[in-house]
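Using only what follows, build the 3D model:
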Amino acid sequence: MVFFRFPFSETLWTTEQNFASQNVSFHSFDQSERIDFEGDLKEISFSDFQNLNFLSSNLSSELFDFQEENQVEYQQKLENVIHFIKENNLSKLVISRRKLVDFDGFSVDLNQTFLKLCQSYPNAFVYFFIKDDRCWIGAFSEVLGKFNKKTSEFETMSLAGTLPVEESWTSKELEEQKPVTLFIKNILKNFASEVNESETYDHISGNIKHLRTDFKAKIEKFDLENLIAELHPTPAVCGIPKDFCQKAIENFETHPRKFYAGYIQVETQETIQYFVNLRCAEFFKNAALIYVGGGITAESSPEKEWQETELKSQAILKNLEKKKN
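Numbering: from 1, shown residues only. Prediction:
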């Protein structure tokens, strides 16, 4: 089963058991996995959702022998990544890690965790699913694409660069966002005769902020799948050039990203929306893995990048509703 809430909405949705339609699907970063939730979208009240009572202790899948990458190991890897970036003249390469939350002595109320994320991040797409021994929760703001079936208008955004809300932008973040914006603009030009681009502005997400530029263009519906295939993975979760950076990520990261940095497709009567799956965690009976990452450039500081991933992990960590066993 799956539950989700659209950005700037107070309505919770799930799917009805109607196998004629597949309106919600989760795609892994490398496109090797896909989880579909069949059925029409159905509104569910907050009280009905809370009565479902999902606890991590009731999950069947457990995590064993997990070795978490510590700060020294991660920073050493980033030193190698920065050397690789300079050697290959890359503008950016996105590297991720997994943070372990051990449920020793407590379990997590998954219902309340989902609801706390909804409250903490009103501008985010928030989801929670359990299927085939898999359980994931996420809350994030990045839209890969939104297609309006009536007007054929397609919207997307360039979202990159991360700082605590109170800090000022530096050249590092500004330079990190530029190639993302250019990448999206060049792809849209292949599908639309006119592309509208907004000014770059601050996008606030809880205790952190990003640089954001919005795009709008009219496209043909039959081009939609090809457009999404070209946009994913964006430089915000991968790097440029895309194929080269994906191979580099496989070499530098010792873990599979699974659904982290993949995307979620949600189809309604009016729209088809695609959300990038960031700020997310994979839950097990005895633990959770929080997936976080950052855009590494030639100017990156490994220590600051570690702190950035710690900051990003708080999106999930501070909203975990713990219960003593």
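
Please count neighbours and contacts with C-alpha atoms only from this point.
Noted.

Quick one: the strands in the stretch 51-200 of the chain, in order.
For the stretch 51-200 of the chain, applying DSSP state E, counting those that start in this stretch gives strands covering 93-102, 106-108, 125-131, 134-140, 143-148, 153-164, 195-197.

right, and those - which one's nearest residue 283?
strand 134-140 (5.3 Å; C-alpha to C-alpha).

just to revisit the earlier point, would you mind giving the strands of the stretch 51-200 of the chain as JSON lines with mean neighbour count and mean pLDDT added?
Formatted as JSON lines, those follow (neighbours: other C-alpha atoms under 10 Å; pLDDT from 0 to 100):
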{"stretch": "strand 93-102", "mean neighbour count": "20", "mean pLDDT": "96"}
{"stretch": "strand 106-108", "mean neighbour count": "21", "mean pLDDT": "95"}
{"stretch": "strand 125-131", "mean neighbour count": "20", "mean pLDDT": "96"}
{"stretch": "strand 134-140", "mean neighbour count": "23", "mean pLDDT": "96"}
{"stretch": "strand 143-148", "mean neighbour count": "22", "mean pLDDT": "96"}
{"stretch": "strand 153-164", "mean neighbour count": "22", "mean pLDDT": "91"}
{"stretch": "strand 195-197", "mean neighbour count": "14", "mean pLDDT": "97"}
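
how about those in a markdown table, adding distance to residue 63?
What follows is these, written out as a markdown table (distance: least, C-alpha to C-alpha, whole Å):
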| stretch | distance to residue 63 |
| --- | --- |
| strand 93-102 | 9 |
| strand 106-108 | 14 |
| strand 125-131 | 16 |
| strand 134-140 | 12 |
| strand 143-148 | 31 |
| strand 153-164 | 30 |
| strand 195-197 | 45 |
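
Out of the ones you listed, which is closest to residue 300?
Among these, strand 93-102 sits nearest to residue 300 (C-alpha to C-alpha), with 10.7 Å.

Format the CA atom coordinates belonging to the closest one as CSV.
Extracted C-alpha coordinates of strand 93-102, given in CSV (Å, rounded to 0.1, in the frame of the first residue of the first chain):
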residue,chain,number,x,y,z
LEU,A,93,29.6,14.7,-9.6
VAL,A,94,26.9,13.7,-7.0
ILE,A,95,28.0,11.3,-4.3
SER,A,96,25.7,9.7,-1.7
ARG,A,97,26.0,7.8,1.5
ARG,A,98,23.7,5.9,3.9
LYS,A,99,23.2,6.8,7.5
LEU,A,100,22.2,4.1,9.9
VAL,A,101,19.5,4.5,12.5
ASP,A,102,19.5,1.4,14.8
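
Begin at 875 from now on, thanks
I'll keep to 875 as the first residue from here, and by that count the last item is strand 967-976.

State the distance from the closest residue to residue 1161 other than its chain neighbours to residue 1164.
Among residues not flanking residue 1161 along the chain, residue 976 sits closest, at 4.5 Å (C-alpha to C-alpha, 6 or more residues apart in numbering). Computed with C-alpha to C-alpha, to the nearest Å, the distance linking residue 976 and residue 1164 is 11 Å.

Please tell me how far the residue nearest to residue 1161 sits from residue 1186.
18 Å.

Tell me who's in contact with the residue positioned nearest the centre of the chain.
Geometric centre of the chain, nearest residue: residue 1152, 1.8 Å, by C-alpha atoms, centre = their mean. Residue 1152 makes contacts with 1012, 1013, 1014, 1016, 1134, 1135, 1165, 1166, as judged by C-alpha atoms under 8 Å, 6 or more residues apart in numbering.
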